[in-house]
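S.K.: return a 3D structure for these sequence lines:
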Amino acid sequence: MKFIGSTLFIMTSLFCISITKGLFSSFIFRNNKINRKAKKLIHTKSNGETIESNSVDKPKKRGLENSVKPYKRHLIICDGENSNNWPRSIEEVEGSFAFKLTPYLTSKSKEYPVRLTACNYIGPSHKSEDISDVIIYPESFLVKVPHALIPSFANIASKHEPLTRKMFHDFIVDNLPWKKVLFVCIHAARDRRCMKFGPEVLKQLEDLTISQPDIKI
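M.R.: Numbers count the residues shown, from 1 in each chain. Modelled structure (predicted):
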């Protein structure tokens, strides 16, 4: 009876081990299968085309080339603030000039795309809460924009034709006081590359142009 009992115990143990190995192998197989599926991502382009990616751990790096959508005119708000205080998008600040202007530009963006950004230059109207200074490119105008006239300003800035001073008959328009302007992005909330390398580039440019007052950095 002892021999039979031992035999039954050994057979039972082997059976349990076999089941355990089978379950473990099945778990590994299913887990690997799930992992293989997880590593395949489906990306959808704007035109509806789908692209299958075989890597989750190594996302494709985006280059700088073509990362900015084409636009016809550039409006730069002279905010006068430290760029560290800016959110990722300047139009997110409720009640700000950018917040008020953006809806009017967006409604016309399909016809004539206008890019809106900000700089920390302190314009002549910086003490006023109801007037903002805006640099317009490619015309190189500096326009004082009363907030009450934002709709009118947006209509003019969105024109397909080159802008002239006569078009801004309700505004004060000046030429830029410098021959050349170099803009350096140090917007930390927008791009970590700008946060890391922007200040160093800015300082070196300022050092190089310190004896050239006609160049603004």
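S.K.: so where is the chain shaky, pLDDT-wise?
M.R.: Applying pLDDT under 70 to the chain flags residues 1-67, 82-83, 109-110.
S.K.: run the last query once more with 50
M.R.: For the chain, applying pLDDT under 50 flags the ranges 1-47, 50-59.
S.K.: now the helices for the protein?
M.R.: Secondary structure of the chain by DSSP state H: the helices cover 2-38, 97-106, 150-157, 192-208.
S.K.: ok, residues contacting the last one?
M.R.: Outside helix 192-208, the residues within contact range by CB atoms under 8 Å, 6 or more residues apart in numbering are 182, 184-188, 217. All C-beta atoms are positioned from the backbone trio N, CA, C, and that covers glycine.
S.K.: among these, which ones are buried?
M.R.: Buried subset of these (neighbour count, 16 or more other CB atoms under 10 Å): 184-188, 217.
S.K.: and stretch 141-153, end to end?
M.R.: With CA to CA, to the nearest Å as the measure, stretch 141-153 spans 13 Å from end to end.
S.K.: thinking again about what came up before, among the buried ones among the contacts of helix 192-208, which one sits closest to G123?
M.R.: Distances from G123 to the buried ones among the contacts of helix 192-208, taken as CB to CB, are shortest for I217 (15.8 Å).
S.K.: quick one: the closest one and T209 touch, right?
M.R.: Yes. Using CB atoms under 8 Å, I217 is in contact with T209, at 6.1 Å.
S.K.: which residues are common contacts for the two?
M.R.: L182.
S.K.: output the contacts of helix 192-208 as CSV; include the columns distance to S152.
M.R.: Output for those, formatted as CSV (distance: CB to CB, whole Å):
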residue, distance to S152
L182, 31
V184, 32
C185, 30
I186, 33
H187, 29
A188, 34
I217, 32
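S.K.: determine which two of these are furthest apart.
M.R.: For the contacts of helix 192-208, the farthest-apart pair by CB to CB is L182 and A188; their separation is 19.4 Å.
S.K.: mind listing residues that contact stretch 145-153?
M.R.: Contacts of stretch 145-153 (CB under 8 Å, 6+ apart): 97, 100-101, 104, 130-134, 143, 170-171.
S.K.: over to stretch 119-138?
M.R.: By CB under 8 Å, 6+ apart, the surrounding residues in contact with stretch 119-138 are 73-83, 97, 141-148, 153, 157, 162-163, 176, 181, 183, 216.
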